[in-house]
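Colleague: fold the following and give me the result.
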Amino acid sequence: MLRMQGRVSTANNGGFIQVRQRGFAPWATDASGLKVEAKGNGETYYIFLRTPDLNRFSWSFRATFEVGENWQEIELPFETFKPSSADMPQSFDPARVSSIGIVAYGREHEADVSVRSIALY
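Modeller: All right, here's what the predicted structure looks like:
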């Protein structure tokens with residue numbers, strides 16, 4: 001289980017906290033999305049996916065989720081992941097995902113999210 005908590009501050013060009021996993025086996029080519037089991041404090045959180053061809057630090061494919069204080073299962077179809085920039089590729093091959101991040105982002109708030117599992121479906 002992972003728990004990420006802290007204060008997201010936009011001071012000094014800030015604005016996010018994250019936990020990122022790299023170095024896992026390639027995802028199945030027939031997968032259609034991610035199933036996340038999580039709980040939190042009612043804030044909006046993000047999943048950031050990166051592929052090897054994204055050459056800027058800020059580029060990723062992003063989807064949001066919200067969770068309350070009880071464990072929930074959230075399905076995030078890959079088509080709901082949107083590119084973070086118009087200058088990057090506008091779609092991705094799930095089999096090429098090289099890292100996944102859980103992110104609290106973009107506005108001042110207290111982050112507190114726990115993730116029990118992330119699986120392909």
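Colleague: any idea how many residues pack against the spatially closest residue to Gly68 that is not a sequence neighbour?
Modeller: Closest residue to Gly68 apart from its sequence neighbours, by C-beta to C-beta, 6 or more residues apart in numbering: Gly42 at 5.4 Å. (Each C-beta comes from the backbone N, C-alpha and C, glycine too.) Each residue near Gly42 was counted by other C-beta atoms under 10 Å, and the total is 9.
Colleague: would you check that Gly42 makes contact with Asn70?
Modeller: No: using C-beta atoms under 8 Å, Gly42 makes no contact with Asn70, being 11.0 Å away.
Colleague: nearest the geometric middle of the chain, what residue?
Modeller: Taking C-alpha atoms, centre = their mean, the centroid of the chain lies closest to Ile47, which sits 1.0 Å from it.
Colleague: which element is that residue on?
Modeller: Using DSSP states H and E, Ile47 sits within strand 44-50.
Colleague: what's the very next helix or strand once past that strand packed up against?
Modeller: The first helix or strand that comes after strand 44-50 along the chain, using DSSP H and E, is strand 61-66. Applying 3 or more C-beta pairs under 8 Å, 6 or more residues apart in numbering; DSSP states H and E, one finds that strand 61-66 contacts strand 33-40, strand 44-50, strand 72-77, strand 82-83.
Colleague: how about JSON lines for these, with distance to Gly101 added?
Modeller: Output for those, formatted as JSON lines (distance: least, C-beta to C-beta, whole Å):
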{"stretch": "strand 33-40", "distance to Gly101": "12"}
{"stretch": "strand 44-50", "distance to Gly101": "4"}
{"stretch": "strand 72-77", "distance to Gly101": "13"}
{"stretch": "strand 82-83", "distance to Gly101": "15"}
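Colleague: which of those sits closest to Leu120?
Modeller: Smallest distance to Leu120 across those (C-beta to C-beta): 6.5 Å, for strand 33-40.
Colleague: the closest one packs against which elements?
Modeller: With contacts taken as 3+ C-beta pairs under 8 Å, 6+ apart, strand 33-40 sits against strand 44-50, strand 61-66, strand 72-77, strand 109-120.
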